[in-house]
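>>> Sequence and predicted structure, then a few things I'm wondering about:
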There are 2 protein chains.
Amino acid sequence: MSDGTREIEALIDAMARLPGLGPRSARRAVLHLMARRATLMAPMAELMGHVAEAVRDCARCGNLGTGDLCAVCADPARATGEICVVEDVADLWAMERGRAFRGRYHVLGGVLSALDAVGPDELRIPLLLERVRDEGVTEVILALNATVDGQTTAHYIAEALEDRGVQVTSLAQGVPIGGELDYLDDGTIQAALRARKRV
Amino acid sequence: MSDGTREIEALIDAMARLPGLGPRSARRAVLHLMARRATLMAPMAELMGHVAEAVRDCARCGNLGTGDLCAVCADPARATGEICVVEDVADLWAMERGRAFRGRYHVLGGVLSALDAVGPDELRIPLLLERVRDEGVTEVILALNATVDGQTTAHYIAEALEDRGVQVTSLAQGVPIGGELDYLDDGTIQAALRARKRV
């Protein structure tokens, strides 16, 4: 680096650890910031500091928020009878963008994985069972990724909730809206065919 | 956004203005940061704040640094007789990574452009002429991009330096190291052929 200051290099190293940025693009981003240090860099630093300080895990569902409870759990308009189980906060945000679900969430913080030695107690599964017992839950919707580990986790939770008087469902699998058959993988086509509906 | 806090959204918006990041990847980056708020996000915010406050344009060459003079200009080991003219700080950094040049720089802050109404006085060209007069400069190396505007700017500077008793050179054009002829554009092949050397 031409500039001797260690802080600039440290900032580039830190930025390079963000997903989607490598060492090259981190350098470009930092240069971009330094060229706009009053209008973009200083405000971003301040925002980032505030958020880093204010953000915490929701004590109930594991979502990120700025209070003890996240915005979803704190919203009295959200139905308490339905819990949508997701792997991580990114998935929760994706569900919220869909604006279709008006219940509450439970963020597992990962999925079961024999390979990575992730068991139920490493995830927030015991907390989920507590919530189902205590919150008058009538339906648990499993919105886990359609990967092997995601589906293993879904099965595990479905079994753990058997005989608890709660309905367990999962997201439908099929052709994505706007999806072209020609570009779909075989598994999706098979799943969509098995779940075919009368028109 | 699921989380009601405006600051998180504002941070995502700010991150999305970085080169190489869009709204989607900015959201991923902010989630990544919030999941590592003690180890990555808070330190990054602090670094970014420090750099935003400390960084300034070098009074002499226009490089970014933390003092009145940048690290290159402040280094007594750098030859004062040679000035390498670059369009922006990113190009200066690229030259420094090459570790081949031991002189000093002059950052123009752009290139001449009739379309964008950028004339010599919008760039740091008058300052360059002053430096050539005052610093005992013997050679000005034009390291400008091989674009139309870059080459127009190079010609303009070369003319402005005529009869000043200073040698004006430019980077050689030719086949990049490791470059395959088959993938090169015609202009590069033509330039490399014109500049061919006896082996």
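Sure, I can see it.

>>> okay, now A:Asp88: neighbour count?
A:Asp88: 18 surrounding residues under other Cβ atoms under 10 Å in any protein chain shown. The way it works is simple: take the backbone N, C-alpha and C, and place the C-beta from them, glycine included.

>>> And the helix or strand of chain A with the lowest mean pLDDT, how far out from the chain middle?
Of all the helices and strands that make up chain A, helix A:186-194 has the lowest average by mean pLDDT, DSSP states H and E, namely a mean of 83. The chain centre lies 25 Å from the centre of helix A:186-194; the measure is Cα atoms, centre = their mean, to the nearest Å.

>>> Tell me the buried residues in that helix?
Judged by neighbour count (16 or more other Cβ atoms under 10 Å in any protein chain shown), helix A:186-194 contains these buried residues: A:188, A:191-192.

>>> How about the backbone phi and psi for A:Glu82?
Backbone torsions for A:Glu82, taken as degrees, to the nearest 10, come to phi -120, psi 130.

>>> and it, how many neighbours does it have?
Counted with other Cβ under 10 Å, A:Glu82 comes out at 18.

>>> Is it bridged to anything, and to what?
A:Glu139 (DSSP bridges).

>>> and it, how far is that from A:Arg104?
For A:Glu82, the distance to A:Arg104 equals 7 Å [Cβ to Cβ, to the nearest Å].

>>> and if you look at A:Gln151?
23 Å.

>>> With neighbour numbers in mind, choose between those two.
A:Arg104 (23 against 16).

>>> Just the strands from chain A, written as ranges.
A:56-57, A:64-65, A:82-86, A:104-107, A:139-142, A:167-170 (DSSP state E).

>>> Which residues does the longest one contact?
Okay, so that is strand A:82-86. The contact list for strand A:82-86 (Cβ atoms under 8 Å, 6 or more residues apart in numbering or on different chains) reads A:92, A:95, A:101-108, A:128, A:131-132, A:135, A:137-144, A:157.

>>> Just give the number of residues close to A:Arg17.
So A:Arg17, with other Cβ under 10 Å, has 16 neighbours.

>>> contacting residues for the closest residue to it other than its chain neighbours?
Nearest residue to A:Arg17, sequence neighbours excluded (Cβ to Cβ, 6 or more residues apart in numbering or on different chains): B:Leu40, at 6.4 Å. Residues near B:Leu40 by Cβ under 8 Å, 6+ apart: A:14, A:17, B:32-33.

>>> how about the helices in chain A?
For chain A, applying DSSP state H gives helices covering A:6-15, A:23-35, A:42-54, A:71-74, A:89-98, A:125-134, A:148-160, A:186-194.

>>> any idea how chain A splits into domains?
As given by automatic domain parsing, the domain ranges for chain A are A:3-54, A:77-170.

>>> could you dump these to JSON lines with mean pLDDT?
JSON lines is the format used below for the domains of chain A (pLDDT from 0 to 100):
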{"stretch": "domain A:3-54", "mean pLDDT": "91"}
{"stretch": "domain A:77-170", "mean pLDDT": "92"}
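
>>> Would you mind finding the most buried of those?
Among the domains of chain A, domain A:3-54 has the highest mean neighbour count (mean count of other Cβ atoms under 10 Å in any protein chain shown), at a mean of 18.

>>> what about that domain, distance to the chain center?
A distance of 25 Å separates the C-alpha centroid of domain A:3-54 from that of its chain, computed with Cα atoms, centre = their mean.

>>> circling back: which among the domains of chain A is found nearest to B:Arg24?
The closest of those to B:Arg24 is domain A:3-54. By Cβ to Cβ, the value is 8.9 Å.

>>> The closest residue to A:Ile189 other than its chain neighbours - how many residues pack around it?
Excluding the flanking residues, the one nearest A:Ile189 by Cβ to Cβ, 6+ apart is A:Leu181, at 6.7 Å. The tally of other residues near A:Leu181 (other Cβ under 10 Å) stands at 9.

>>> Could you pull up the residues touching A:Arg56?
A:64-68.

>>> Tell me the spacing between it and A:Ala90.
17 Å.

>>> Repeat that for A:Leu64.
A:Leu64 is 10 Å from A:Ala90, where distance means Cβ to Cβ.
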